[in-house]
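> This is a predicted model, with the sequence first.
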Amino acid sequence: MNSKTSLSLVLSIAGTFLVACGGGAPESSEPSGAQGPSAPAPSAAAIAAAEVKFNGLCASCHGTTGLGDGAILTPKPRNYTDLAWQASVTDEELAAIIVGGGLSVGKSALMPPSPDLADQPEVVAALIAKIRSFGK
Ligand code: HEC
């Protein structure tokens, strides 16, 4: 082996090492939806869990189409298709009422808390994405 061959061998090994340890592609190629750059797209599992939660709980009051017509209550469950309301609330505010319930943010106690979601931010993000989708 001459010195030129051994140099190129070293370089190719180093190259392989760099590729193997490099940053590479992001793990998830999920569509990012309307999330901001700081909120990673929820995983498929989180989206599925959010669907179960929404259909099993939220829809009973907010309606399967988000119109707030699932239950007749005073105050009315929020109509998610109200674009003025959509524009008036931040994702952070939505997360706060979803996890803490209405009382925790000075709204009606009829809007129940979901403390089980406190340690599941991805599921909360997927619920927020679903709520946002009713306003599009
Ligand atoms: C028992 C009925 C009920 C259930 C179940 C329910 N909500 Fe609500 N929700 C309400 C009512 C009533 C309001 C209106 C509260 C108010 O305006 O004071 C509300 C308000 C909201 C709001 C609007 C907050 C704002 O800024 O005006 C969001 C977002 C929301 N609910 C999300 C959810 C989600 C997500 C779920 C399921 C995890 C859920 N709700 C389950 C009754 C319900």
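Arrived safely, thanks for sending.
> Residue numbers of the protein in contact with the ligand?
For the chain, the residues found near the ligand under the criterion Cβ under 6 Å from any ligand atom are 53, 57-58, 60-62, 71, 73, 75, 77-78, 89, 93-94, 97-98, 102, 107-108, 110-112, 114, 127, 131. Yep, even glycine has a C-beta here, placed from its N, CA and C like the rest.
> how does it look with 8 Å?
For the chain, the residues in contact with the ligand under the definition Cβ under 8 Å from any ligand atom are 53-54, 57-62, 68, 70-71, 73-78, 80, 85, 88-89, 93-94, 97-98, 102, 105, 107-108, 110-112, 114, 117, 127, 130-131.
> Of those, which count as buried by neighbour count?
Among the residues of the chain next to the ligand, those classed as buried by 16 or more other Cβ atoms under 10 Å are 53-54, 58-59, 61-62, 68, 70, 77-78, 80, 94, 97-98, 102, 111, 114, 117, 127, 130-131.
> from those residues, which ones fall inside helices?
Using DSSP state H to define helices, the subset of these located there is 53, 59, 61-62, 94, 97-98, 127, 130-131.
> Relative to the ligand, which of these is nearest.
Closest to the ligand out of those is Cys61 (3.0 Å), distances taken as Cβ to the nearest ligand atom.
> thinking the closest one is in contact with Lys76, fair?
No. The pair Cys61 and Lys76 does not pass the contact test of Cβ atoms under 8 Å, sitting 9.2 Å apart.
> what sits in contact with each of those two?
Common neighbours of Cys61 and Lys76 (criterion: Cβ atoms under 8 Å, 6 or more residues apart in numbering): Gly68.
> Count the neighbours of Ala87 for me.
For Ala87, the neighbour count with other Cβ atoms under 10 Å is 8.
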